[in-house]
Every structure is written in C-alpha cells, then in structure tokens.
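**Q** Quick one, what's the 3D model for this:
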Amino acid sequence: MALSTQAVGKVYDPTTYAVGREKVKEYAAAVGETNPLYLDHEAARAAGFPDVVAPPMFAVVYAGRSVAPALFDPEVGLNFAAMVHGAQEFAWGPLVIAGDEIATTTTVKEISERGEMGFYVFESVSENQRGETVCTGLWTNIVRAIG
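**A** Numbers count the residues shown, from 1 in each chain. Model (predicted):
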C-alpha cells in the first residue's frame, strides 16, 4: 500500500462555529435527547445556564468541519472512495452553550499501515471564546486495500 507519512504533524487553519440556540435544539431532537437543558432555553436558564446546553456529541457539528479539509488534502493522500469510519474518541471540557463561538484546529496525528489497510488519525482541539478547551477529539479513518 506504501503510504506517505509526510503530512503527519500538519496543522490546519482553525474553523469557527457560532453555536445557535435552534441548531442545538434541532440536533438534540434529531438524536432523541429528552433532557430539557438541550431543548428548552427557559429550563436551561432556570438551571443557571445562559441558554440551552449542547449535548456532548454536538462536538461532531462544530469540530467535523475542521476535520474535513484534512480528509481531502492531497498531501495526506487518503483514498476517500475506499475509506471507512474507524473510531472516534472525545474528551470534553466545559459545557458548550448556545451563544458560544467555538474555534477548532485539526492536526494529522498518525498515518500508518496495518494488515494492508491505511490508518489515518486526526486530532481536533476545540476552544470557546474564553480560550477554554471544550472538546478534544481523535478521528480514526481506515482505508481498505483496493486491488
């Protein structure tokens, strides 16, 4: 398979995502959340939050757009047509609240070959407008051998 590892360590320009109240509510409803903190801004305010709280996996919304350029970067060399999702891991910090602005930076952490398959690992680090790390993600993609 002969993978190039020259892109390991490459850091992509950050993307910024403004967390909207309705986007949080729509996401929560779409994934079947029932916690009123995710769905009702009045309930969230009564609980001491300035607005609705984003469910933890909302991280895919604000961080995913930062990972996309790495997936399609010719220097990374990932064969998108043969890619399958391998794994995702997240570590969360402070809660993300509607009204936050989240900046996410993605880095190519690893490119390796195992059993004639390519493994591509990207790390995303998302910070809110106060400079707090709200989420760190590891995104593993596997490219099957073709031939």
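**Q** Check which residues of the top helix by length along the chain are buried.
**A** Counting by DSSP state H, the longest helix found in the chain is helix 59-71. For helix 59-71, the buried set under the neighbour-count rule, 16 or more other C-beta atoms under 10 Å, comprises 59, 60, 61, 62, 63, 64, 66, 67, 70, 71. The way it works is simple: take the backbone N, C-alpha and C, and place the C-beta from them, glycine included.
**Q** Looking at the residues you listed, which one is closest to residue 30?
**A** residue 61 (10.6 Å; C-beta to C-beta).
**Q** returning to that earlier point: and the buried residues of helix 59-71 as a markdown table, adding pLDDT?
**A** Formatted as a markdown table, the buried residues of helix 59-71 follow (pLDDT from 0 to 100):
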| residue | pLDDT |
| --- | --- |
| 59 | 97 |
| 60 | 95 |
| 61 | 96 |
| 62 | 97 |
| 63 | 96 |
| 64 | 93 |
| 66 | 96 |
| 67 | 95 |
| 70 | 94 |
| 71 | 92 |
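**Q** Now distance to residue 28 too, for those residues, in TSV please.
**A** Converted to TSV, these look like this (distance: C-beta to C-beta, whole Å):
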residue	distance to residue 28
59	13
60	13
61	11
62	14
63	17
64	17
66	22
67	22
70	28
71	26
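**Q** Tell me the one of those nearest residue 102?
**A** Nearest member of the buried residues of helix 59-71 to residue 102, counting by C-beta to C-beta, is residue 62, at 4.5 Å.
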